[in-house]
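Visitor: build the 3D model from these lines:
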Amino acid sequence: MKNADRFDELIEELKDTRWDLLLLNETWREEPEEQRESEQGHVFAGCGHSSGRKGVALVLHQKWKAHLLAFNPSDERLCSIDFIAHGTKIRALSAYFPDCSYNDAEVQKVYDKVAEQIQIAKKKRYSVVLGGDFNAKVGAGPDVAEHPSAGPHGFGVQNSRGQWLLTWASSRSLKIANTFYSKPDAKLITFEDAHGPRQLDYILLDNGLRSKLRDVESGNLLDLGSDHKCLTASFSFESCNHNQKTKGRRKPNIASPWPPRSLQQYTEQLQQELDGINPRETVEMRHCKIQEAMISASHQQGCDRHSNSVKEDRHELLEKLIAERKTLPGSNATQRGQLSKAIRKELRRIREEARCQKIHGLLSNFSQLKAIGGIKDRKKKHMTIQMEDSQGK
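Guide: Model (predicted):
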């Protein structure tokens, strides 16, 4: 996430995926705190460090943007957001814990900051989801399964920081979500390097969200370009939505292809459609017929199919490049770097074409308004009663 292009790559990879919230670690961004929107409307909120290392962030899908309550920045190891989803107020925390090269005092500092944010959330009666790289091995076995904060399906051998995490989670009434589902080892492992596979990343939930949890597993949904794998959790909020009713009628879809292939032909077609409107009809009836005439004329003239086909080709190429990069191991840095450059290049082209198309649309709309204004003035003049004096003026 070090630059805007990498963020655009991430959003592009998720284009055909249903998602609501992303918790990110090791963003390597330098801004101490930042909140911004992507072109698609997704909200990025995160904390970085001047060294360009560490960093945490959350990305909220644009469909929940209007329900974002607050961004709570802490430091390069912790930040959170408050939002409402399906009638539930949620505090989501992204935390990046120190690895084994740091002493326990540094780990305790992060736990204390996380505990403080969770305590505030509970006072507000918010549900809590905490995710991140804990650099701890909870492990598997009877001892883990009997622990109140974990399930029977961890991975590997527990270490001291894994025991620490279990005890701390239990004291905060949190459940370690990715220990509750029986999965193949490949879907339990979240990190792999020369020392072997490990489970270091976890999602922790309070009891309310744990009851809505349906599945958790690691995988390659996102090409993170690191030794870590993406951890995915699925929830069901159906019980929260059973009383929600659709209010009012759905508005008809009156979208029409734009811009027309020929503005002149569109103007002539619109003039022909408007000439058939009876001036003696009511204002409401004429308003409806004018709207129908504009839609009919635009449909008959169609849109610029060439620009659409070019756009589709760009996106197809981008999807192929992303898919190809996913097949490469993290150790193949040279080829992955070349593909990443190609991906960023295509993203820039797509953004540039989208901007050009938007500008073209604005200019076309302006020209169209002028053309419609001319038709309207001529129609108004035609419908106005002519009065002449004795001299014919």
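Visitor: tell me the confidence at the residue nearest the centre of the chain?
Guide: Residue closest to the average C-alpha location in the chain (Cα atoms, centre = their mean): His61, at 3.5 Å. The score at His61 is 95. That number is its pLDDT.
Visitor: for it, what are its contacts?
Guide: Shown in contact with His61 (Cβ atoms under 8 Å, 6 or more residues apart in numbering): 19-21, 42. For the C-beta atoms, the positions are set from N, CA and C on the backbone; glycine is no exception.
Visitor: kindly report the same for Phe134.
Guide: Contact analysis of Phe134 by Cβ under 8 Å, 6+ apart lists 95, 97, 161, 165, 200-202.
Visitor: mind listing the helices for the stretch 101-250 of the chain?
Guide: Ranges of helices in the stretch 101-250 of the chain, per DSSP state H, counting those that start in this stretch, are 104-123, 142-145, 160-171, 207-210, 238-241.
Visitor: got these as a markdown table, with mean neighbour count and mean pLDDT columns?
Guide: Below are the helices of the stretch 101-250 of the chain laid out as a markdown table (neighbours: other Cβ atoms under 10 Å; pLDDT from 0 to 100):
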| stretch | mean neighbour count | mean pLDDT |
| --- | --- | --- |
| helix 104-123 | 15 | 97 |
| helix 142-145 | 14 | 79 |
| helix 160-171 | 18 | 95 |
| helix 207-210 | 16 | 95 |
| helix 238-241 | 10 | 57 |
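Visitor: so which of these gets nearest Arg348?
Guide: The closest of these to Arg348 is helix 104-123. By Cβ to Cβ, the value is 37.0 Å.
Visitor: what's the burial count for Gly291?
Guide: One correction, residue 291 is Gln, not Gly. If you count neighbours by other Cβ atoms under 10 Å, Gln291 ends up with 11.
Visitor: and it, what helix or strand is that in?
Guide: helix 283-301 (DSSP states H and E).
Visitor: got a markdown table for the contacts of Phe134, with distance to Thr282 too?
Guide: Listed next are the contacts of Phe134 as a markdown table, based on distance: Cβ to Cβ, whole Å:
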| residue | distance to Thr282 |
| --- | --- |
| Ala95 | 64 |
| Phe97 | 70 |
| Arg161 | 76 |
| Leu165 | 72 |
| Leu200 | 71 |
| Asp201 | 65 |
| Tyr202 | 66 |
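Visitor: now, those that are in strands?
Guide: Judged by DSSP state E, strands contain the following of these: 95, 201-202.
Visitor: look up how far Trp28 lies from the residue nearest to Gly154 when sequence neighbours are not counted.
Guide: Excluding the flanking residues, the one nearest Gly154 by Cβ to Cβ, 6 or more residues apart in numbering is Ala140, at 4.0 Å. Going from Ala140 to Trp28 by Cβ to Cβ, to the nearest Å gives 32 Å.
Visitor: between the two, who's got more neighbours?
Guide: Higher neighbour count among Ala140 and Trp28: Ala140, with 20 against 16, using other Cβ under 10 Å.
Visitor: got a list of what that one touches?
Guide: Contacts for Ala140 (Cβ under 8 Å, 6+ apart) come out as 152-156, 158.
Visitor: quick check: phi and psi on it?
Guide: Dihedral pair for Ala140: phi -130, psi 160, per degrees, to the nearest 10.
Visitor: quick one: Asp99 from Val56, how far?
Guide: Between Asp99 and Val56 the distance is 15 Å, computed by Cβ to Cβ.
Visitor: got it, and Asn135?
Guide: Distance of Asn135 to Val56, computed by Cβ to Cβ: 14 Å.
Visitor: quick one: the helices in the stretch 251-393 of the chain, in order.
Guide: Secondary structure of the stretch 251-393 of the chain by DSSP H, counting those that start in this stretch: the helices cover 263-275, 283-301, 305-327, 333-383.
Visitor: which residues does stretch 149-161 contact?
Guide: Contacts of stretch 149-161 (Cβ under 8 Å, 6+ apart): 100, 107, 134-141, 143-145, 166, 169-170, 174-176, 179-183, 185, 188-189, 197-199.
Visitor: ok, stretch 31-49 next?
Guide: 1, 7-8, 11, 24, 27-30, 50, 54-62, 65, 68, 71, 73-76, 78-79, 81, 94, 351, 354.
Visitor: ditto for stretch 199-208
Guide: By Cβ under 8 Å, 6+ apart, stretch 199-208 touches 23, 25, 88, 127-138, 154-156, 165, 169, 173-179, 188-191, 213, 216, 218, 228-229, 231, 233.
Visitor: filter these to the buried ones?
Guide: Neighbour counting by 16 or more other Cβ atoms under 10 Å classes 23, 25, 127-138, 154-156, 165, 169, 174-179, 188-191, 213, 216, 218, 228-229, 231, 233 among the contacts of stretch 199-208 as buried.
Visitor: now go through those residues and say which are in strands.
Guide: Those of these lying in strands (DSSP E): 23, 25, 127-133, 175-176, 191, 213, 216, 218, 231, 233.
Visitor: so where's the stretch 251-393 of the chain uncertain?
Guide: 251-261, 298-312, 330-331, 360-393 (pLDDT under 70).
Visitor: which strand residues bridge the closest residue to Leu24 other than its chain neighbours?
Guide: Sequence neighbours aside, Ala57 is the residue nearest to Leu24 in space, at 4.4 Å (criterion: Cβ to Cβ, 6+ apart). The partner list for Ala57 in beta bridges (DSSP bridges) reads Leu24, Gly46.
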